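Colleague: got a structure for you, letters missing:
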C-alpha cells in the first residue's frame, strides 16, 4: 500500500474487494490483521561494519603476502637448482620441493653463491612467521582444496554422504527461509496454491522431512569422533597427563568450529545488514534478525544457543553446532571408562553399554516429552494448519524451540555413530566378510527403514493423523531408526559390500566438495534470505521456480564457500599443524 494509507484504509480496501468481488455481506475487515512495516534503516555503517571490513581486509592482506612469499620461495628455488644442475656436473640430486641441501658440496666455488641463497630461502621458509604467512598462500590452498587425493585409510563413502546431506539441508531451507511458512511477511504470492497443490503431494515429503539430513551429520560426527580419537587415547598413568589430553581434546574442537562461525557472525553483523539498505519492506524481518545477532552473538560462541528462545538466537540454524559440541564433550565419558578397563573385554562392553544407554534415554525422553506435551508428529512443512487439526500443539515453531533443538532429544543418531566408530576400530575397513544373502537382506532392511521414516507420514496429507501415542512413538524412534539405516550403509560400504552405491558415494568428485560443507552450512541461509528479501515482487511458487531458486542458492553458496575456505578454514588447519609441530619440538627438547 502507498505510504499515505494507514491500517484503517487498508482494512476498508479489503472489505470493498470482498463486497464487490465476492458479493459478501460479512465483515471481513475484522478478520484482517494489519502490520505496519517500514524500510530497513539505511546507512548503518557503524562499528560492526568497520570491524568487519578491517578483519576481512586483514585476512585478504595475509593471503596476498602468503601467496607472494610462497611464489618467491618456490620460483627462486626452482631457478637456482636448475642453474646448479646446468653449471655443476658434481650436483646430480637436488630435491627442489623439500629444499634438502645437506648433501651439497659447499666447497664448490661456482655454486657457492647459489647455495647460500638457497640456504637463506630455507631458513626463511622454516621460520614461524613465514610458516604462518604460508598458511594463507592461495597457491597452495587452492591445490589442496581441489585435490581429489585422500589417504588410503580414509572411508571414501563418507564424502558422498556428507555432500548429499548438506545439499538436502539447503533444499529444505530454501523453502523454509524464503518465508513460505514462517516469515512474518511471507514473500510467496500463492500460499494457498502452494499448500493445497504442492505441499500435499507425497513426493514433497522428501523436502519437508529434510530435517533427517541433520541426523546424518550427527551420525557422521559421532562415527569420526570415535574412529579417529580412540587410537590416540593417552597411555600415561599420570592424572595431569590425562587432564591435559582431555583439555586439548575439547579446545581443539572448539578452535576447529570457532573461526568459520566467527567469520559468518562478523559478516552478518557488519556486512550483511548493509546489503539490505534500500531494498524495501520485505527486508525488515531479516534486519531484525541482524539486531538479535548484535545483542546475543556471544551465546553462539559459548555453544549454548540450543537452550535459548527465538528472540535470543543469532542465526537460528547454528543450533546444530551447539548440539554437536555438547555431544563431543559427552563422548569423553565412554572414552574414560574404556581407558580404565581397556586391557580387558570389560572396556569394550562398558563403552557399548554407556553409549547404548544414552541412545535409549534420548529416545525415551523424546517419546515422553512428545506424549506429555501433546506434540503431534512433526508436520510436513507447508501443510495447511487449520483450527480443527487434531494432535497439534503450539505449532511448528514451538516444536522447534522446545523440542527439536534440545540435545537430550537429539543424541541418539550421534550415539549410534559412536557405536559404529567403535566397531570400525575393532574391525578395520574391509576386514569383515559377509554372506551375500545376508548383505542383500541388510540393504533391503536399511533402505526400507530410511524410506519409512521419510514417507511414513504420507497419510497426514489426506487428514489421517496418528494418535498421541503413535505420534510420540514416531518422534522417539524415527531419528534412531534413521541412524540405524545410515549406519548400515556406512558399514557395508566400509567393508566392501556396498556395490554401486559405494562406488557412487566414493566418487572422487565428492572429495573437494566435502571440504566445503561446513562453510556451506553456515552461509547458505544468508543467501536464501537475501534472494527472498531483495526481490521486487513476491515469489510465485512452482516446481520450476523452486528448483531454479534452489540451484541458484546452492551454486552461489558453494562458490562463496570455496573462497571463504581458502581464506579461513584451510589456513586454520595449517596453523593448527604448525602449533602441533611446535609443541612436539618443545616436548622432544625437554626429554
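Modeller: Happy to help now that I have it. Everything numeric in this text was worked out from a predicted model, so none of it was measured.
Colleague: Quick one: the helices in the stretch 401-550 of the chain, in order.
Modeller: Here the stretch 401-550 of the chain has its helices, by DSSP state H, counting those that start in this stretch, at 407-426, 436-455, 468-494, 499-505, 510-514, 517-534, 543-564.
Colleague: What of the stretch 51-200 of the chain?
Modeller: 112-126, 128-134, 138-146, 157-175, 191-193.
Colleague: any idea which of the ones you listed scores lowest on pLDDT?
Modeller: Looking at these, the lowest mean pLDDT belongs to helix 112-126 (a mean of 59).
Colleague: still on that earlier bit, as a markdown table, the helices of the stretch 401-550 of the chain with mean neighbour count and mean pLDDT would be great.
Modeller: Bear in mind the C-beta positions are built from the backbone N, C-alpha and C, glycine included. Formatted as a markdown table, those follow (neighbours: other CB atoms under 10 Å; pLDDT from 0 to 100):
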| stretch | mean neighbour count | mean pLDDT |
| --- | --- | --- |
| helix 407-426 | 23 | 91 |
| helix 436-455 | 14 | 94 |
| helix 468-494 | 22 | 89 |
| helix 499-505 | 15 | 95 |
| helix 510-514 | 19 | 95 |
| helix 517-534 | 22 | 89 |
| helix 543-564 | 16 | 93 |
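Colleague: Which one of these lies nearest to residue 261?
Modeller: Residue 261 lies closest to helix 517-534 among the helices of the stretch 401-550 of the chain, at 6.7 Å (CB to CB).
Colleague: Counting by contacts, list what the closest one packs against.
Modeller: helix 157-175, helix 239-266, helix 284-301, helix 543-564 (3 or more CB pairs under 8 Å, 6 or more residues apart in numbering; DSSP states H and E).
Colleague: other SSEs contacting the shortest one?
Modeller: Contact analysis of helix 284-301 by 3+ CB pairs under 8 Å, 6+ apart lists helix 239-266, helix 517-534 as its packing neighbours.
Colleague: export those to a markdown table and tack on distance to residue 402?
Modeller: Below are those laid out as a markdown table (distance: least, CB to CB, whole Å):
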| stretch | distance to residue 402 |
| --- | --- |
| helix 239-266 | 24 |
| helix 517-534 | 21 |
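Colleague: I'd like to know which of the ones you listed lies nearest to residue 170.
Modeller: helix 517-534 (5.0 Å).
Colleague: Could you tell me the angle between that closest one and helix 543-564?
Modeller: Counting by axes from the mean of the first three to the mean of the last three CA atoms, to 10 degrees, helix 517-534 lies at 130 degrees to helix 543-564.
Colleague: so helix 517-534 versus helix 239-266, what angle?
Modeller: Using the same axes, to 10 degrees, the inter-axis angle of helix 517-534 relative to helix 239-266 is 20 degrees.
Colleague: By mean pLDDT, point me to the weakest helix or strand of the protein.
Modeller: helix 395-399 (a mean of 56; mean pLDDT, DSSP states H and E).
Colleague: these two touch, right, residue 456 and residue 471?
Modeller: No - counting by CB atoms under 8 Å, residue 456 does not reach residue 471; the two are 11.4 Å apart.
Colleague: Name the residues contacting each of these two.
Modeller: Common contact partners of residue 456 and residue 471 (CB atoms under 8 Å, 6 or more residues apart in numbering): none.
Colleague: Residue 517: what's it in contact with?
Modeller: Residue 517 sits next to 162, 163, 165, 166 when contact means CB under 8 Å, 6+ apart.
Colleague: Kindly check the end-to-end length of stretch 196-214 for me.
Modeller: 27 Å (CA to CA, to the nearest Å).
Colleague: for stretch 489-498, same thing?
Modeller: Taking CA to CA, stretch 489-498 runs 7 Å from one end to the other.
Colleague: and what of stretch 533-548?
Modeller: Stretch 533-548: ends 17 Å apart by CA to CA.
Colleague: Likewise for stretch 528-545?
Modeller: 14 Å.
Colleague: Please apply the same query to stretch 456-472.
Modeller: Taking CA to CA as the criterion, the two ends of stretch 456-472 lie 14 Å apart.
Colleague: Now do the buried residues in that stretch.
Modeller: Under the neighbour-count criterion of 16 or more other CB atoms under 10 Å, stretch 456-472 has 456, 457, 460, 461, 465, 466, 468, 471, 472 buried.
Colleague: if we can go back for a sec, JSON lines for the helices and strands packed on helix 517-534, including distance to residue 414?
Modeller: Shown next, in JSON lines, are the helices and strands packed on helix 517-534 (distance: least, CB to CB, whole Å):
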{"stretch": "helix 157-175", "distance to residue 414": "14"}
{"stretch": "helix 239-266", "distance to residue 414": "14"}
{"stretch": "helix 284-301", "distance to residue 414": "20"}
{"stretch": "helix 543-564", "distance to residue 414": "24"}
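Colleague: Buried deepest among the ones you listed, which one?
Modeller: Burial of the helices and strands packed on helix 517-534 is given as mean neighbour count (mean count of other CB atoms under 10 Å); helix 157-175 ranks first at a mean of 22.
Colleague: tell me which strands and helices that helix is in contact with?
Modeller: Looks like helix 157-175 contacts helix 205-208, helix 212-229, helix 468-494, helix 499-505, helix 510-514, helix 517-534, helix 543-564 (3+ CB pairs under 8 Å, 6+ apart).
Colleague: and the angle for that helix with helix 543-564?
Modeller: Using the same axes, to 10 degrees: helix 157-175 against helix 543-564 is 120 degrees.
Colleague: chain center to helix 157-175, what's the gap?
Modeller: 9 Å (CA atoms, centre = their mean, to the nearest Å).
Colleague: Out of the helices and strands packed on helix 284-301, the one nearest residue 572 is which?
Modeller: Nearest of the helices and strands packed on helix 284-301 to residue 572, taken as CB to CB: helix 239-266 at 4.8 Å.
Colleague: Which parts of the stretch 251-400 of the chain are helices?
Modeller: Using DSSP H, counting those that start in this stretch, helices in the stretch 251-400 of the chain cover 284-301, 319-330, 332-340, 345-372, 395-399.
Colleague: who touches the residue nearest to residue 524 when sequence neighbours are not counted in this structure?
Modeller: Setting aside the residues directly before and after it, residue 524 is nearest to residue 557 in space (CB to CB, 6 or more residues apart in numbering), at 4.4 Å. Contacts here follow CB under 8 Å, 6+ apart; on that basis residue 557 touches 170, 520, 523, 524, 527.
Colleague: Distance to residue 204 added to those residues, as JSON lines?
Modeller: Shown next, in JSON lines, are the contacts of residue 557 (distance: CB to CB, whole Å):
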{"residue": "170", "distance to residue 204": "16"}
{"residue": "520", "distance to residue 204": "23"}
{"residue": "523", "distance to residue 204": "26"}
{"residue": "524", "distance to residue 204": "20"}
{"residue": "527", "distance to residue 204": "23"}
